[in-house]
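A.B. asks: predicted model and sequence below, questions to follow.
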Amino acid sequence: MTNARQTFRTEVSGLWSPRHRILDDEGRELGVLSVHRNRFGMVVSGEYRPERGEVLSFRRDPGILRGQFSLWTDGKEWLGSSLRWNVVRRQIDVQTGSKPLRIVPALGWRRGWRLVAPKTGQMARIETPLCSRNSTLRVYRKMDFELLLFAYFLGSLILTESLLPTALDALGSATQEAAAAS
């Protein structure tokens, strides 16, 4: 898969409450994603304000698991939710109502994430250079922009975890299975 159908860029500013400007491939601003933290530093919500259209809200669902967020429209319509079952495995499961998806680390020694459908494979890729917080979002299959934003929001929260190669995930899974078997 070499040719992306669409390409977007992000420009990140701020440390405690970062703002992510989402730009199209021609440099026009599509909207701003802002991340909100509580007084302890934990991300509790996010909000995407587009230039035109409906505002999207990212809310942390109650629970102690990381990566447990839901995506809502301004009119209180549910669009998706995420769940990260295991802290050791870096996979995040995303439910959209129509099909389950996974967010997994980029292949090799890179920072970034891939949005993968179980039957059709990679739908989108989020690439972040090693010495930058700005990202490039590449879409390879037809998908909703809201879903791409949700994957980007989740991936940006745990970006440093994506650096290790994906082979370590397989090693961690094999170790867990061996421990469960004995």
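C.D. replies: Right, received. Where do you want to start?
A.B. asks: where does pLDDT dip in the protein?
C.D. replies: 1-2, 63-67, 84-89, 160-182 (pLDDT under 70).
A.B. asks: can you pull up the most central residue in it?
C.D. replies: Ala151 (2.7 Å; Cα atoms, centre = their mean).
A.B. asks: what about the strands in this structure?
C.D. replies: With strands called from DSSP state E, the chain shows them at 6-13, 19-24, 29-37, 43-50, 56-60, 69-73, 78-83, 92-95, 100-105, 111-117, 121-128, 136-139.
A.B. asks: and Ile22, how many neighbours?
C.D. replies: 23 (other Cβ atoms under 10 Å). Where C-beta positions appear, they are placed from N, C-alpha and C, glycine not excepted.
A.B. asks: for it, give me its contacts.
C.D. replies: When contacts are counted by Cβ atoms under 8 Å, 6 or more residues apart in numbering, Ile22 touches Phe8, Arg9, Thr10, Glu29, Leu30, Gly31, Val32, Leu33, Tyr48, Leu149.
A.B. asks: how about Leu23?
C.D. replies: Counted by Cβ under 8 Å, 6+ apart, Leu23 has contacts Phe8, Arg9, Thr10, Glu11, Glu29, Leu30.
A.B. asks: ok so, going back, and of the contacts of Ile22, the nearest to Val116?
C.D. replies: Leu149 (16.9 Å; Cβ to Cβ).
A.B. asks: how far away is the closest one from Phe8?
C.D. replies: 9 Å (Cβ to Cβ, to the nearest Å).
A.B. asks: tell me which of the two has more neighbours.
C.D. replies: Leu149 (24 against 21).
A.B. asks: show me the contacts for the more buried one.
C.D. replies: The neighbours of Leu149, taking Cβ under 8 Å, 6+ apart as the test, are Ile22, Leu33, Tyr48, Leu56.
A.B. asks: Gln95 is in contact with Leu79, isn't it?
C.D. replies: No: Gln95 lies out of contact with Leu79 (Cβ atoms under 8 Å); the separation is 10.1 Å.
A.B. asks: between these two, which one's more packed in?
C.D. replies: Leu79 (17 against 14).
A.B. asks: buried residues in stretch 62-82, which are they?
C.D. replies: Residues of stretch 62-82 classed as buried: Arg66, Gly67, Gln68, Phe69, Ser70, Leu71, Trp72, Leu79, Gly80, Ser81, Ser82 (neighbour count, 16 or more other Cβ atoms under 10 Å).
A.B. asks: typo on my end, stretch 15-32
C.D. replies: Neighbour counts over stretch 15-32 (16+ other Cβ under 10 Å) mark Pro18, His20, Ile22, Leu23, Leu30, Gly31, Val32 as buried.
A.B. asks: what residues are bridge-paired with the closest residue in space to Arg133 that isn't next to it in sequence?
C.D. replies: For Arg133, ignoring the flanking residues on the chain, the nearest one in space by Cβ to Cβ, 6 or more residues apart in numbering is Val12 at 4.1 Å. Going by DSSP bridges, Val12 is paired in beta bridges with His20.
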